[in-house]
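Engineer: Any chance you can model this:
(one chain, ligands or ions: 2)
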Amino acid sequence: MTTTETLHAVPESRWTSDEAWVGTRRPVLEAHALPADCYVDEAFFAEEQDRVFATSWVSVGFCNELDAPGSAIVRTVAGRSVIITRNADGELRAFLNACRHRGTQLVDGDCILGSVIHCPYHRWGYDRDGALVATPQFADAGVDGFEPTDYGLHPVRVDAWQCLLVICLSNETVPANKWFGDLDQRLAGYRLGKWRTHLTQNIEIEANWKLISENFQEYYHLRWVHPELSKVSRVQDHYRYQGAGMYCGQTTTPISNDERGDWSAMPPVEGLNHSDMASGRFIALFPNTLLSVLPNHVFVMHLDPVGPGLTRVTGTWLLPPSNPHVADADFVTTRDFWQDVNNEDIDIVERGQRGLTSGGYTPGRLSPRFEEPLHRFHNMLADRFTGSTRIPAGDESDDQPLYGTGVNPLPWRGVDI
Ligand code: FES
Ligand SMILES: [Fe+2]
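Structural biologist: Ligands and ions are numbered 1, 2, ... in the order given. All right, here's what the predicted structure looks like:
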């Protein structure tokens, strides 16, 4: 699907011209990696916030974080602080976190809201639909032409997608279900909307957010950076898992050979089909959420860009509803394995950032077999900068060999539960 709607008004720059992306736009067999400026340059970073983060569906948390009545989370996307909550009827709502009187920040952070959100400055109040419902002493001396309905909180688009809460600061972007494309159907068998967060950890990584995502998307580095992981997740067991949608997907099938069972310590969710039961789905949602979906747990990384060379990462493990009382020891085995793998990745992406910052890098070539998802990711990025809002297509089938990989022995065939 291709549309030609215009992204919101940000001045033209060298990155809005097609010439800036010539190496990215070549076919993958001839393509180059991104220039160093995309990872280290302050001006690129600022523009990326506007062109990418302010126009995308960005995951900001998990549906179960809003289970308690009145609960709210506060997240910053593209420099905008946003309150995400549910109204009195339980429907999702999101608002910019600034009072409509004189702009004061309303809510400090995650909290339980009452029926009215009060501004601490002059006590204007808003209900959880964003309507202005209190203006104490405001009109006592008279005020002309004031309509409270003109001063409700600025709404932000919000949706629940699978287990994730997603927001979009642009009104021009397609709805969330179109943004994620066929991924809803691909993941339907897991019923992720019912899974719940089990543990969250935060960390800061001294690397650009794209380096972290790219590293997640390719398994070229597996043998050398992750000698232990490569016993579970073997290079030869990786395949594409790519339909139409704003994501880059791959699958490891089978997920675990006999040598190490760290990922199988907990029981799987009930009702998975043969392909899902035997596979790990590794999906980079554009722009900044990394999903690892396994038969018995999900690990999600949210990448919050702080600066060109600094990213705040929130890592969250989710467990299925059929598995609420998993033994601590079994979860710890899974968690520790992830932490070991992640530490190896952090070291290499921080090294990557140092090289891009000071190494005089000029764009190199991509390995089609291992780095095709990066090519797709780079082109999504180029689309946002050059004004295209297309949703990229996917593979024609899940069992066709691509760029040297074999035929997936258990291709995804659609939902058969
Ligand atoms: S700034 Fe919020 S009530 Fe005045
Ligand atoms: Fe890795």
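Engineer: going forward, measure contacts between C-alpha atoms and count neighbours the same way
Structural biologist: OK.
Engineer: Can you pull out the low-pLDDT segments for the stretch 1-150 of the chain?
Structural biologist: In the predicted model of the stretch 1-150 of the chain, residues 1-9 satisfy pLDDT under 70.
Engineer: Point out the residues in it that sit beside ligand 1.
Structural biologist: Residues of the stretch 1-150 of the chain lying near ligand 1 by CA under 6 Å from any ligand atom: C99, H101, R102, G103, T104, C119, Y121, H122, R123, W124.
Engineer: Now, of those residues, which are buried?
Structural biologist: Neighbour-count burial (16 or more other CA atoms under 10 Å) applied to these gives C99, C119, W124.
Engineer: what pLDDT does the residue nearest the centre of the chain get?
Structural biologist: The residue lying closest to the centre of the chain (CA atoms, centre = their mean) is T289, at 2.0 Å. On the pLDDT scale, T289 is placed at 98.
Engineer: Might you report the residue contacts of it?
Structural biologist: V58, S59, V300, M301, H302, L303 (CA atoms under 8 Å, 6 or more residues apart in numbering).
Engineer: re the thing from before, narrow the residues of the stretch 1-150 of the chain next to ligand 1 to those in strands?
Structural biologist: In this view, these have no member that belongs to strands under DSSP state E.
Engineer: Ramachandran coordinates for the residue nearest to the centre of the chain?
Structural biologist: phi -130, psi 130 (degrees, to the nearest 10).
Engineer: same thing with the one 10 residues further on?
Structural biologist: When read as degrees, to the nearest 10, the backbone of F299 gives phi -120, psi 130.
Engineer: measure T314 to ligand 1 for me?
Structural biologist: 31 Å (CA to the nearest ligand atom, to the nearest Å).
Engineer: Please list the residues outside stretch 107-119 that contact it.
Structural biologist: Under the contact criterion CA under 8 Å, 6+ apart, stretch 107-119 has outside partners 68-75, 83, 88, 97, 99, 104-106, 124-128, 133.
Engineer: and what of stretch 177-196?
Structural biologist: With CA under 8 Å, 6+ apart, stretch 177-196 has contacts from 57, 63-64, 161-164, 243-247, 269, 271-273, 276, 285, 295, 318-321, 391, 412, 414-417.
Engineer: ok, of those, which come out buried?
Structural biologist: Neighbour counting by 16+ other CA under 10 Å classes 57, 63, 161-164, 243-247, 269, 272-273, 276, 285, 295, 318-320, 391, 412 among those as buried.
Engineer: Extract the C-alpha set from stretch 58-71 and format it as CSV.
Structural biologist: Below are the C-alpha coordinates for stretch 58-71, written out as CSV (Å, rounded to 0.1, in the frame of the first residue of the first chain):
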residue,chain,number,x,y,z
VAL,A,58,5.4,4.0,19.1
SER,A,59,5.0,1.4,21.8
VAL,A,60,5.0,3.0,25.2
GLY,A,61,4.1,0.2,27.6
PHE,A,62,1.8,-2.8,28.3
CYS,A,63,-1.9,-3.1,28.5
ASN,A,64,-1.8,-4.7,31.9
GLU,A,65,-0.1,-1.6,33.3
LEU,A,66,-3.5,0.1,33.0
ASP,A,67,-5.6,-2.7,34.7
ALA,A,68,-6.2,-0.8,38.0
PRO,A,69,-9.0,1.7,37.8
GLY,A,70,-7.6,5.2,37.2
SER,A,71,-4.1,4.0,36.6
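Engineer: in that stretch, what counts as buried?
Structural biologist: V58, S59, V60, G61, F62, C63, E65, L66, P69, G70, S71.
Engineer: Which residue ranges of the stretch 251-400 of the chain form helices?
Structural biologist: In the stretch 251-400 of the chain, the helices defined using DSSP state H, counting those that start in this stretch lie at 274-277, 328-358, 368-386.
Engineer: which one of the ones you listed is the most hemmed in?
Structural biologist: Greatest average neighbour count among the helices of the stretch 251-400 of the chain goes to helix 368-386 (a mean of 21), per mean count of other CA atoms under 10 Å.
Engineer: And that helix, what does it pack against?
Structural biologist: If you count contacts as 3 or more CA pairs under 8 Å, 6 or more residues apart in numbering; DSSP states H and E, helix 368-386 packs onto helix 22-25, helix 209-217, strand 247-252.
Engineer: any idea which of the ones you listed is most buried?
Structural biologist: The most buried one of those (mean count of other CA under 10 Å) is strand 247-252, showing a mean of 24.
Engineer: Show me what the mean pLDDT comes to for it.
Structural biologist: Mean predicted confidence for strand 247-252 is 95.
Engineer: Run the chain-centre distance for it.
Structural biologist: A distance of 14 Å separates the centroid of the chain from that of strand 247-252, by CA atoms, centre = their mean, to the nearest Å.
Engineer: Which residues does that strand contact?
Structural biologist: Here strand 247-252 makes contact (CA under 8 Å, 6+ apart) with 180, 217, 233-234, 237-242, 279-286, 373-374, 376-377.
Engineer: Now with 7 Å, please.
Structural biologist: If you take CA atoms under 7 Å, 6 or more residues apart in numbering as the criterion, strand 247-252 is touched by 180, 233, 237-242, 279-286, 373, 377.
Engineer: repeat for stretch 393-408
Structural biologist: For stretch 393-408, using CA under 7 Å, 6+ apart, the contacting residues are Y239, Y241, Q242, G243, A244, G245, P368, R369, P411, W412.
Engineer: Of those residues, which belong to helices?
Structural biologist: Applying DSSP state H to the contacts of stretch 393-408, the entries found in helices are P368, R369.
Engineer: Next, give me the two most distant ones among the contacts of stretch 393-408.
Structural biologist: The largest separation in the contacts of stretch 393-408, counting by CA to CA, is between P368 and W412 at 22.0 Å.
Engineer: Against the centre of the chain, work out the most remote residue.
Structural biologist: Most distant from the centre of the chain: A141, at 49.4 Å, with distances by CA atoms, centre = their mean.
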